[in-house]
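Undergrad: build me a model from this:
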Amino acid sequence: MMKKGVLFFMITILFACQQKEMLKGSVAIIPKPAEQVVGEGYFEINKSTKVLVENEEQEAVAKRFFNQFKAVSGWAPSINRGGTGDILFVTDSTLEEEAYELEVKTSTITLKASSGAGFFYALQSLKQLLPTSFYGTKLQSNITWGVPTVSIKDKPAFGWRGYMLDVSRHFFDVDQVKEVLDFMAESKLNRFHWHLTDDQGWRLEIKSYPKLTEIGAWRVDHNTTDETVSNWWGRPVQKLGEKPTYGGFYTQEEVKEIIAYAKERFIEVIPEIDMPGHAQATIAAYPEIGCVNASPYVATGGVSKNNTYNPGKEETFVFAEKMLNEVMDLFPFKYVHIGGDECNKEQWKIDPYAQERIKAEGLKDEFELQSYFIKRIENIINARGRVMIGWDEILEGGLAPNATVMSWRGEKGGIEAIKAGHEAIMTPSNYCYIDLKQGHDDLEPNLGYSRLLLSTAYNYKVIPDGLTSEEGKLIKGIQANLWTESISDWGKLTYMTFPRMYAIAENGWTTQENKNWNGFTNRLETQFERLDKQNVRYAVSAFSPWIDHKGNGEQVEVSLKTEVHGLGIRYTLDNSEPTVLSTKYSSPFTIGETKVVKARAFKGEKPVGYLSSLEFPVHKAVGVGKGSTKTESLTDLNYGRLDRSDPNWVGFENGMEAILEFDESIVVNEVKFNALRFTNSAIYPPKNIEIWGSEDGMEFIKLAETNQTGMSPQGRSKVLFTLRFAPSRLKALKIKGIEINPIPEGHHRAGQQSIILIDEVVVN
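TA: Below is the predicted model:
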């Protein structure tokens, strides 16, 4: 009896272990399909599921997709040509090139398309219908996968749906580039714009010119991974005898490997070879094609001059032709990007070869010289049956005859090109540059020089108003651009990419009338779960509270908001972390003493986004200085964000002096304030600060002084000055600051006088 009982128990356990749990997915597809009808019930994908395909192309697409089940389940559905199946691939020649239909019933899944691309995109939607745990890295052999029943008819709004990766400023290896292609493909993006050359590195092996990678691919390492530091424009230049150690490049075999990998995912690769500007790495390798005053080294950080090809020398065009032909031998897609942006023409004004070219060709000025250069480069590209793309600066001096314009300085360049009958790709920086900050300046990592909110990216209208329907057809599409000046590792890349890439992908795939912000952010929550399963870092800025304030010289009014609609915000003023039981925000509130405001958003009872926290000091000098606009602005309880356009910064152009007169004598032992560093705009903190005090408001004595040790570094940050002194009873305080003048060589605005911007002067 005992043995039978043990045997029965073991059989029961074994049977229980063999029971499969079905995890169920949801319908939360990004980009949003054109038509979608959700049904009831689920189709189960399990070990016995059979996939039926019609031909070799379908089979290849299916294998690449269903093989993903092996990593997560330990098994994959079988794929067959002929016989019966549960998941059916059906050719429908009436569908457009990238269109597809996906019908999920409880008994079958049917995918219809006219091309491999269509089937591929159908499978990307199918993947998003799977449970989010499918994206995990752990083996889940005891799971079957429930796909919700749904009927989808889908096609893209635009043919060009791009993502640009800048590998010159930060080098990403082959496997990382493949990861970029993978997340592009899952979002139905089909154009990989590969920014391969710039001042800070040449990344492509060119066998005709080996020094491009021997010299041009390497720079002295002044990178930083500190997300509070923004010093792209402040890095020391390479010195004589210093060894460049940072960089890398792609061999031609690696390029072929990446192109093939992209092709399998129906992504075309567009190389960008920057010219005539942004070429310091090129000129460092081959100075004979440069101009006077050219830098002999690869740039370590931002540069804005002495970095151009020489359009006056014939050897420049010999180099360009041989090099570009080798590039075109590698890259089969018909488009070649030549940059053409931000070309500083100061070198050309003093270079004898450039000036001789202007005279010989009867050109009016250096702008027409740039156009001359671009047109000759286009002839090289057109001779191979290819099409040249350039940033909208290629319009300057006259557009090359067959060029496509990538409009980044707003929409104006794209519209101008379209009016002239040229194709345009819309990628304006204020909607498509995903290297910019994506939330409150003081609550985000100090990455990016400006701001692009998720809602701003999502609500962009790709075809501007005012174009005719025929003109609108010349807009090829849209593209997300990730410049990597402040992106020093993979985590920063994904943080800046997600979720704004999803917004831009939806702009490229989904028609304007079918988009909906609330629906998009609801679907994002499921997408975040997928990213969590993959251990991918992403930004939740749109779900996080903004803390805004307005001081009136007596107290501070605080208001809270989130980009995402429908969230509840809870806050505290006692330095504790908000919970679902904390005070619920309903309207602006005031504080009359120093407080730390902490806020958290909730969806129902679930916290979302990050914890937002800012301190608002209320101090002894509040309201002092009425009658003097500038002085009053320094004591009105308005604090400046890390944003040069914030009106709470008070500017001083010829040194700083402010006198605070109190109604009655008070005891003071500390003065502190923030100064803004935004050196691209010649905004520097003062190099010297003095605090003077007066017992009677007339005679002042020096109480404290501070000097910067060495030159203020370049970059973007807030600099806190704190000056302490013995407790003193005073009737008035004087704050004096000396500006940096002139800004020294090696700085972006060398020779100019700096501007001082400070915010609230806090007196304790």
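Undergrad: where does pLDDT dip in this structure?
TA: 1-19, 625-629, 709-711 (pLDDT under 70).
Undergrad: what distance separates the start and the end of stretch 585-605?
TA: 15 Å (C-alpha to C-alpha, to the nearest Å).
Undergrad: what about it, distance to the chain center?
TA: From the chain centre to the centre of stretch 585-605 is a distance of 29 Å (C-alpha atoms, centre = their mean, to the nearest Å).
Undergrad: for K437, give me its contacts.
TA: Applying C-beta atoms under 8 Å, 6 or more residues apart in numbering to K437 gives the contacts 444-445, 447-448, 450-452. To be clear about C-beta, it is placed using only N, CA and C from the backbone, and glycine gets the same treatment.
Undergrad: can you say which of those residues are buried?
TA: Buried members of the contacts of K437, scored by 16 or more other C-beta atoms under 10 Å, are 444-445, 447-448, 451-452.
Undergrad: which two from these end up farthest apart in space?
TA: P445 and L452 (14.0 Å; C-beta to C-beta).
Undergrad: from the buried ones among the contacts of K437, pick the one nearest Y433.
TA: Nearest member of those to Y433, counting by C-beta to C-beta, is L452, at 5.9 Å.
Undergrad: quick one: that closest one and P428 touch, right?
TA: No. Counting by C-beta atoms under 8 Å, L452 stays clear of P428, with 10.1 Å between them.
Undergrad: would you map the helices across the stretch 401-550 of the chain?
TA: Assigned by DSSP state H, counting those that start in this stretch, the helices in the stretch 401-550 of the chain fall at 412-419, 429-432, 454-458, 469-472, 490-497, 500-509, 517-533.
Undergrad: for these, which one ends up most surrounded?
TA: The highest average neighbour count among the helices of the stretch 401-550 of the chain, using mean count of other C-beta atoms under 10 Å, belongs to helix 500-509 at a mean of 27.
Undergrad: and the contacts of that one?
TA: Residues contacting helix 500-509 (C-beta under 8 Å, 6+ apart): 30-32, 156-158, 160-163, 183, 187-189, 432, 434, 438, 452, 454, 457-458, 460, 462, 477-480, 515, 520, 524, 527, 539.
Undergrad: that helix to helix 490-497, inter-axis angle?
TA: 40 degrees (axes from the mean of the first three to the mean of the last three C-alpha atoms, to 10 degrees).
Undergrad: can you list the buried ones among the contacts of K437 in a markdown table and add distance to M656?
TA: Formatted as a markdown table, the buried ones among the contacts of K437 follow (distance: C-beta to C-beta, whole Å):
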| residue | distance to M656 |
| --- | --- |
| E444 | 28 |
| P445 | 30 |
| L447 | 29 |
| G448 | 28 |
| R451 | 27 |
| L452 | 33 |
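Undergrad: and which of those is nearest to V147?
TA: Lowest distance from V147 to those (C-beta to C-beta) belongs to L452, with 34.8 Å.
Undergrad: pull out the buried residues from stretch 383-397.
TA: 386-397.
Undergrad: P742: which of the residues you listed is nearest?
TA: For the buried residues of stretch 383-397, the nearest to P742 is E393 (29.5 Å; C-beta to C-beta).
Undergrad: so how far is N575 from the nearest residue to T456 once chain neighbours are set aside?
TA: Sequence neighbours aside, Y431 is the residue nearest to T456 in space, at 6.3 Å (criterion: C-beta to C-beta, 6 or more residues apart in numbering). Applying C-beta to C-beta, to the nearest Å, the value for Y431 to N575 is 38 Å.
Undergrad: same deal with R537?
TA: 27 Å.
Undergrad: the two - which one has more neighbours?
TA: Just comparing R537 and N575: by other C-beta atoms under 10 Å the higher neighbour count belongs to R537, 15 against 11.
Undergrad: wouldn't that one be in contact with T494 here?
TA: Yes. R537 is within contact range of T494, at 5.0 Å (criterion: C-beta under 8 Å).
Undergrad: so what's E444 up against?
TA: For E444, the contact set (C-beta under 8 Å, 6+ apart) comprises 437-438, 541.
Undergrad: please repeat the previous calculation with a cut-off of 6 Å.
TA: By C-beta atoms under 6 Å, 6 or more residues apart in numbering, E444 lies in contact with K437.
Undergrad: equivalent analysis for P287, please.
TA: A294.
Undergrad: let's go with 7 Å and repeat that
TA: 294, 296 (C-beta atoms under 7 Å, 6 or more residues apart in numbering).
Undergrad: quick one, phi/psi of it?
TA: phi -60, psi -20 (degrees, to the nearest 10).
Undergrad: strands - which of the buried residues of stretch 383-397 land there?
TA: Among these, the members found in strands (DSSP state E) are 387-391.
Undergrad: between those, which is nearest T511?
TA: I389 (24.9 Å).
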